[in-house]
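In: Structure of the sequence below:
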Amino acid sequence: MARTVAIGIQDFEEIIREDYFYIDKTAFIREWWKSGDKVTLIARPRRFGKTLNISMLEAFFSNRYQDRGDLFEGLHIWQYEEYRKLQGTYPVISLSFARVKESDYKTARKKICEILMNLYSKNVFLRDSEVLTDKDREYFDRISTEMDDSDATSALYQLSDYLFRYYGKKVIILLDEYDTPMQEAYVSGYWEEFTAFIRSLFNSTFKTNPNMERAVMTGITRVSKESIFSDLNNLEVVTTTTDKYVTAFGFTEEEVFASMDEMGLTDKEGVKRWYDGFVFGEVEDIYNPWSIINYLDKRKFSTYWANTSSNSLVGKLIRESGVSCKKTFEKLLHGETIMVPVDEQIVYNTLYNDESAIWSLLLATGYLKVLHFQVDAESDYDEEYPIYTMTLTNEEVRRMFYRMVKNWFSQTKESYNGFIEAMLAGDLKLMNKHMTHMCETVFSYFDTGKGRMGDEPERFYHGFVLGLVVSMSKEYHVRSNRESGYGRYDIMIYPKEQTGVSTGMKPSFGSKLSFGSKPSFGSKPSFGRLKNALIMEFKVHDQEDEKDLSETVGVALAQIEEKNYAAELKALGFPEENIKKYGFAFEGKKVLIGEYVG
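Out: Below you'll find the model as predicted:
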């Protein structure tokens, strides 16, 4: 009989006690203990079993679980006699920063102090024990949400000391989601204050702590050593490209297919397309566990993992990034691979200034998978970092990014759909109307011309290009910045087939479009017969050389002709009369579109 698939339970004891669906990951216990590493930092994407594995480590080592070997009977670790003797024999300090998602430093610091205070409450029996002195008790009583930095950053160090004195054994420290507050601190603008506090806490806890046996930290990213780990020289960092613990987080293909057999599910190719694609170290075919568990429970494909938490930072970085980043991201949306330099250390305060940091973040968060990497001294890239060949991880991730780009234009969805319809119908007046409304509504959303990565007004229209890719790619080829004739055009759009079949349905952003009906956002549209291909050239108004936007449009249209951008379309069989050529002129939020008339 198939086991019950329980969603969202991260407590190891509860899963085993209730005999819920569980894939045995206890081999991780032995692999970690045998390594002998003093402090281990493991970075894996969200919802990849980090919290459950931390709970498993606590249940195995903590003396609070003394004589609870029943939790591990029948599991991999229990076949080793020497490890049976280890079960329930260590004092363990286990904590999580998962709840620390505050918008200001004061509240974030208070939340961490609350977590530390709760640890002391959990071990309140120590206060009145004979192993503590009066001064120790004074310190114990000072632990509160209002304690000063000196007491707060020493709290785990002191608790380790008290537990060692009480049990006569060094402690194991387990810290889950160590980097959650780091991202919040960066996004909310209190990075410097917060990292100084955390650096002191980590130094006291993990470096200068003589009463710590070993420690494990888990998170999504490997925050740069300079930010918070500058004093830790005993840290073993395990990332997605490291050949350690490669099957301890996530499900292998063998595990997934066996689970499907247990549940009577047969579409293994579909599961592979949707949820496979993660690569840890040299092990391929790692599956997303959160999505697999939800699929086993609900028995249908959906973007379970992509919906589990906000991707606001990733979306913001790509949306406000410069031209180069958006062009690279466009390749990913087209299903292509990219080659970029990657430093797996995430330096949060350089994310807006260093494009490679964005790809590092996307790799760490599981949205990109590594196909190959190399250090190439002849490369044009910085030799300091290896060159990674990467692509989107799987179908679930692709759909997540498509939805993210759609949301960029959600404020102006009717104008966006209206513009595409007018463009394909050749209605220049409506094109200008809808584009003007879009610029007025979402121009600043892309931080155009004012962003932290430079004064690039191209941000908006390259974001617009990504929107076209998402909204039209099912029936049209949408290409940008490709060579044709004697130069590189900005945008080229042409149908994948010369004719389409109209179903009479209303159009939606993100799929086919129909003519002659009011656009609707979120419904399935269609398109009718299509004969025209389109070329677009974007220009920013040059106040010194061009008296108005009309002249700028003229420059754009002249460039299309002079550079013979239509050559590629003609080679594909489109006659000159079926190639529409548009020049776009921008000046701040003002825009003017003109059409070439031969």
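
In: What ranges does the stretch 351-500 of the chain have for its helices?
Out: Shown for the stretch 351-500 of the chain, the helices assigned by DSSP state H, counting those that start in this stretch span residues 355-364, 395-408, 413-425, 428-442, 458-472.

In: and residue 272, which of these is closest to it?
Out: Using Cβ to Cβ as the criterion, the shortest distance between residue 272 and those is 9.6 Å, found for helix 395-408. For glycine as for every other residue, the C-beta is placed from the backbone atoms N, C-alpha and C.

In: What residues of the closest one count as buried?
Out: Using 16 or more other Cβ atoms under 10 Å as the test for burial, helix 395-408 gives 395-406, 408.

In: can you pull the contacts of residue 53?
Out: Listed by Cβ atoms under 8 Å, 6 or more residues apart in numbering, the contact set of residue 53 reads 25, 28, 218, 248, 249.

In: what's the most distant pair in these?
Out: 25 and 218 (13.1 Å).

In: what's the closest of the helices of the stretch 351-500 of the chain to residue 170?
Out: Of these, nearest to residue 170 by Cβ to Cβ is helix 355-364, at 31.3 Å.

In: now the helices of the stretch 351-500 of the chain as TSV including mean pLDDT and distance to residue 240?
Out: Shown next, in TSV, are these (pLDDT from 0 to 100; distance: least, Cβ to Cβ, whole Å):
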stretch	mean pLDDT	distance to residue 240
helix 355-364	88	7
helix 395-408	90	14
helix 413-425	90	36
helix 428-442	90	34
helix 458-472	83	26
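
In: Of those helices, flag the one that's most buried.
Out: helix 458-472 (a mean of 24; mean count of other Cβ atoms under 10 Å).

In: so that helix versus helix 413-425, what angle?
Out: 80 degrees (axes from the mean of the first three to the mean of the last three Cα atoms, to 10 degrees).

In: with the buried residues of helix 395-408 in mind, which one is nearest to residue 288?
Out: residue 396 (7.1 Å).

In: Against residue 361, how distant is that closest one?
Out: From residue 396 across to residue 361, the span is 18 Å (Cβ to Cβ, to the nearest Å).

In: contacting residues around the residue nearest to the spatial centre of the chain?
Out: Residue closest to the mean C-alpha point of the chain, counted by Cα atoms, centre = their mean, is residue 365 at 3.9 Å. With contact taken as Cβ under 8 Å, 6+ apart, residue 365 is in contact with 45, 46, 220, 221, 314.

In: Isn't residue 145 up against residue 114?
Out: Yes: counting by Cβ atoms under 8 Å, residue 114 is a contact partner of residue 145 at 5.1 Å.

In: for the chain, what are the low-confidence residue spans?
Out: Across the chain, the ranges flagged by pLDDT under 70 are 226, 307-311, 375-384, 447-458, 485, 487, 498-531.

In: For residue 57, see how far away the closest residue to residue 462 other than its chain neighbours is.
Out: Spatially, and ignoring its direct neighbours in sequence, residue 462 is nearest to residue 326 (4.0 Å; Cβ to Cβ, 6 or more residues apart in numbering). Counting by Cβ to Cβ, the gap from residue 326 to residue 57 is 42 Å.

In: ditto for residue 412
Out: Taken as Cβ to Cβ, the span from residue 412 to residue 57 is 49 Å.

In: Of the two, give the one with the bigger neighbour count.
Out: More neighbours surround residue 57 than the other of residue 412 and residue 57, with 23 against 20 (other Cβ atoms under 10 Å).

In: Return the member of the contacts of residue 53 nearest to residue 444.
Out: residue 218 (37.8 Å).

In: Excluding residues flanking it in the chain, which one is nearest that closest one?
Out: Distances taken as Cβ to Cβ, 6+ apart place residue 50 nearest to residue 218, at 4.1 Å, with adjacent residues excluded.

In: And the helices in the stretch 151-300 of the chain?
Out: For the stretch 151-300 of the chain, applying DSSP H, counting those that start in this stretch gives helices covering 180-188, 191-202, 253-263, 268-275, 289-298.

In: list the buried ones in the last one?
Out: Pointing back at helix 289-298 there. Buried, per 16+ other Cβ under 10 Å, within helix 289-298: 289, 290, 291, 292, 293, 294, 295, 296.

In: Run through the residues that contact the second one.
Out: With contacts defined as Cβ under 8 Å, 6+ apart, residue 290 is in contact with 47, 48, 304, 305, 308.

In: Show the buried residues in these.
Out: Here, 16+ other Cβ under 10 Å leaves 47, 48, 304, 305 buried among these.

In: Could you identify the pair within those that is furthest apart?
Out: Largest separation among these by Cβ to Cβ: 48 and 304, giving 13.0 Å.

In: do you know how far residue 596 is from residue 539?
Out: According to Cβ to Cβ, residue 596 and residue 539 sit 14 Å apart.

In: more crowded one of these two?
Out: residue 539 (23 against 19).

In: Let's verify the more buried one: helix, strand, or coil?
Out: What DSSP: H, G, I helix; E, B strand; the rest coil gives for residue 539 is strand.

In: just to revisit the earlier point, make JSON lines out of the helices of the stretch 151-300 of the chain and add distance to residue 492.
Out: Formatted as JSON lines, those follow (distance: least, Cβ to Cβ, whole Å):
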{"stretch": "helix 180-188", "distance to residue 492": "36"}
{"stretch": "helix 191-202", "distance to residue 492": "42"}
{"stretch": "helix 253-263", "distance to residue 492": "40"}
{"stretch": "helix 268-275", "distance to residue 492": "29"}
{"stretch": "helix 289-298", "distance to residue 492": "36"}
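
In: Select, out of those helices, the one closest to residue 40.
Out: helix 191-202 (13.6 Å).

In: chain center to that closest one: distance?
Out: 24 Å (Cα atoms, centre = their mean, to the nearest Å).

In: Which among the helices of the stretch 151-300 of the chain is found nearest to residue 37?
Out: Each of the helices of the stretch 151-300 of the chain was scored for nearness to residue 37 using Cβ to Cβ, and the closest is helix 191-202 (16.0 Å).

In: Alright, I will stop here.
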